[in-house]
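Peer 1: sharing a model prediction with you, sequence too.
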Number of protein chains: 2
Amino acid sequence: MTRSAERLSESEMIAWRTFMEMQEVLRGRMEQQLQADSGLSSTDYTVLVALSEEPTGQLRAVNLAQRLQWEKSRLHHHLTRMCQRGLVERRSGEGRSSLGAITPEGLAALQLAVPAHTREVRRMVFDRLSEQQVQQLTDISRAILDGFDRDLPS
Amino acid sequence: MTRSAERLSESEMIAWRTFMEMQEVLRGRMEQQLQADSGLSSTDYTVLVALSEEPTGQLRAVNLAQRLQWEKSRLHHHLTRMCQRGLVERRSGEGRSSLGAITPEGLAALQLAVPAHTREVRRMVFDRLSEQQVQQLTDISRAILDGFDRDLPS
């Protein structure tokens, strides 16, 4: 009825469903924990981490969008809301480029959020996995990501 | 400075970041592919799959919410939009319960969407992994999910 490229084997189907369910539950729990403990969404958290890791605390909006795999308009709207809450600010960069920068308030919010979030990640994920499985998860994730790089040479 | 429960080891940190990046990219690509090939969001697709797998083509809204790990209000709004597009309909169940049911149009949309989506999942994920890795991914996902079950006995 369907070509084999359009079917998954029994074991692939099980892997896919279990993986998708795990992802969904994990995202939901992380979102709840972050909101409850620090009032940040997981998106806020991701943006703050990305900016805080830059030596200058800032990134060009286009690079931030790329790094987060978001469309420019999604990032624009999200940054606007984070600016209103004082977590980030917009600066103008070289030429007509726009920069997002973490504020002292944003850095303080992130530093408050990190310990509880890390504890939760450890409890939800790493306490459940053997050292070998941690390495396997890295290798599997890397193999899938490498496939995307080959898709879209940049 | 921080307690060890609040830190990840070097290899855990690498696993976590690689895994989160993989998830983000995968979600983005699946969303694009589904929209482009079938005009469905990944949320639409997930709802249609869940309903289509029921012998009656319907599920109580509360069970659907549970299965998708969504809050009731999120599901309510999403079902309303899917109703407006004719993909699902609301029915009243026993007592005051509300049911979501797949329509013939919804089933047709799903059947059109499945082959291209499955091909993409194969290309993005399973073509990149060995048989052993498929099994590892299942085991890792199951171990994390089992941890959640112990968290919240239901």
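Peer 2: Received, thanks.

Peer 1: and after the strand or helix carrying residue A:111, which helix or strand comes next?
Peer 2: Take DSSP states H and E as the rule and residue A:111 turns out to sit in helix A:104-124. Note on helix A:104-124: by DSSP H and E, the next helix or strand toward the C-terminus is helix A:131-151.

Peer 1: contacts for that following helix, please.
Peer 2: Residues outside helix A:131-151 that contact it (Cβ atoms under 8 Å, 6 or more residues apart in numbering or on different chains): A:126, A:129, B:11-12, B:14-15, B:18-19, B:21-22, B:25-26, B:29, B:123-125, B:127-129, B:133, B:136-137, B:139-140, B:143. C-beta: built from backbone N, CA, C; applies to glycine.

Peer 1: now do the worst-scoring helix or strand of chain A on mean pLDDT: which elements does it pack against?
Peer 2: When the helices and strands of chain A are scored by mean pLDDT, DSSP states H and E, helix A:61-68 comes last with a mean of 86. Helix A:61-68 sits against helix A:42-52, helix A:72-84, strand A:98-102, with contacts defined as 3 or more Cβ pairs under 8 Å, 6 or more residues apart in numbering or on different chains; DSSP states H and E.

Peer 1: of all these, which one is nearest residue B:54?
Peer 2: helix A:42-52 (30.9 Å; Cβ to Cβ).

Peer 1: which non-adjacent residue is nearest the spatially most central residue of chain A?
Peer 2: The centre of chain A sits closest to residue A:46, judged by Cα atoms, centre = their mean, with a distance of 5.1 Å. In this structure, residue A:46 finds its nearest non-sequential neighbour in residue A:68, 6.3 Å apart by Cβ to Cβ, 6 or more residues apart in numbering or on different chains.

Peer 1: ok, that neighbour touching residue B:24?
Peer 2: Yes. With contact defined as Cβ atoms under 8 Å, residue A:68 and residue B:24 form a contacting pair (7.0 Å).

Peer 1: more neighbours, the two?
Peer 2: residue A:68 (19 against 15; other Cβ atoms under 10 Å in any protein chain shown).

Peer 1: residue contacts, that one?
Peer 2: Residue A:68 is in contact with A:46, A:47, A:50, A:75, B:24, counting by Cβ under 8 Å, 6+ apart.

Peer 1: now residue A:93
Peer 2: Here residue A:93 is in contact with A:60, A:99 (criterion: Cβ under 8 Å, 6+ apart).

Peer 1: now it: phi and psi?
Peer 2: The phi and psi torsions at residue A:93 (degrees, to the nearest 10) take the values phi -100, psi -160.
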